[in-house]
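>>> sequence first, then the predicted structure:
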Amino acid sequence: MENFNTDPKPGRLILPLVLIGMIATTYTFIQRVAENNDLEIISNQEILEEVQEEVQEEVEETTSTTSTTFPIEYISYLEEINGERIVAITLGEKVLEANQNWDDKSVTYQEAKQEFDSFIEDWSKFVESLSLPGPSSEFPNLVTSHEELKILVNLVYEDTVELKAGLESSDTGERRTAALDSFNSNLDLLTKKISEVVELNLSN
């Protein structure tokens, strides 16, 4: 006697099993590939944040390299008087050295007078060098500050003349000491004023 399968579609139970097997195989394959290659899934949000950070860095870099452009004559004047500041300091050291030589009696009276005459001449030339030609009239802020520098450098020069007068004085050195104090004070004002003018006008 023959046995008959009562199910008219015996293959319908196999299809779900095949699908489940394919899904499991695909999942396992993807996991292995990711693990073996150290792959990392990056979300769209992370990519967007990275792009925004790069754009922000480029904007900041561009902003930091932007600077104000000054006319050549403007910059040249500021460079010139900044150089004059160094000259003033050097000439000031020469004055102090000559005065100290006389205090230490390391030179004769005639030699001291020659040294004093020498630094007076140096400062006379420096007054002319710093005063002329000055900045262009198209820069009124520089013109105003330059007039202040001219006043200060002339005061320093007058102090050098007074130093020699103190050397030649019949007192015990009081006049020369007072002249030296005034010289140091005015020289300090001059050099600081030059630095102030340069820094202020380059920062605007």
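Looks like it came in fine.
>>> residues of the longest helix belonging to the chain that come out buried?
Looking across the chain with DSSP state H, the single longest helix is helix 72-103. In terms of neighbour count (16 or more other C-beta atoms under 10 Å), helix 72-103 has its buried residues at 74, 77-78, 81, 84-85, 88, 91-92, 95, 98-99, 102. From N, CA and C alone the C-beta is placed, and that goes for glycine too.
>>> tell me the mean pLDDT over that helix?
The average pLDDT for helix 72-103 rounds to 96.
>>> quick one: whichever helix or strand comes after that helix to helix 72-103, angle?
Note on helix 72-103: by DSSP states H and E, the next helix or strand toward the C-terminus is helix 109-131. Angle, helix 109-131 to helix 72-103, by axes from the mean of the first three to the mean of the last three C-alpha atoms, to 10 degrees: 170 degrees.
>>> how about D159, nearest residue that isn't a chain neighbour?
Leaving aside its sequence neighbours, D159 sits nearest to F183 (C-beta to C-beta, 6 or more residues apart in numbering; 3.7 Å).
>>> between the buried residues of helix 72-103, which sits nearest E128?
E84 (11.5 Å; C-beta to C-beta).
>>> could you identify the most distant pair in the buried residues of helix 72-103?
Checking those with C-beta to C-beta, the most distant pair is Y74 and W102, at 43.5 Å.
>>> rewinding a little: and the residue nearest to D159, what element?
Assigned by DSSP H and E, F183 falls in helix 174-203.
>>> and that helix, what does it pack against?
helix 72-103, helix 140-168 (3 or more C-beta pairs under 8 Å, 6 or more residues apart in numbering; DSSP states H and E).
>>> swap in 10 Å and give it another go.
Other helices and strands packing on helix 174-203, by 3 or more C-beta pairs under 10 Å, 6 or more residues apart in numbering; DSSP states H and E, are helix 72-103, helix 109-131, helix 140-168.
>>> out of the ones you listed, flag the one nearest S195.
With respect to S195, and counting by C-beta to C-beta, the nearest of the helices and strands packed on helix 174-203 is helix 72-103 at 6.6 Å.
>>> surely V87 meets V127?
No: using C-beta atoms under 10 Å, V87 is not in contact with V127; the gap is 11.6 Å.
>>> and the buried residues of helix 72-103, which is closest to P133?
Y77 (9.3 Å).
>>> in the chain, what helix or strand scores lowest on average pLDDT?
Least confident helix or strand, the chain: helix 44-64 with a mean of 52, by mean pLDDT, DSSP states H and E.
>>> quick one: work out the angle between the helix holding F183 and helix 140-168.
160 degrees.
>>> buried ones in helix 174-203?
175-176, 179-180, 182-183, 186-187, 189-191, 193-194, 197-198, 201.
>>> tell me how many other residues crowd V153.
Neighbour count of V153, defined by other C-beta atoms under 10 Å: 24.
>>> who are the neighbours in contact with it?
By C-beta atoms under 10 Å, 6 or more residues apart in numbering, the contact set of V153 is 84, 88, 123, 126-131, 186-187, 190, 193-194.
>>> got it, and N101?
Going by C-beta under 10 Å, 6+ apart, N101 touches 107, 111-112, 115.
>>> check the residues you listed against E168 and report the nearest one.
Among the contacts of N101, and counting by C-beta to C-beta, the member closest to E168 is A112, at 9.8 Å.
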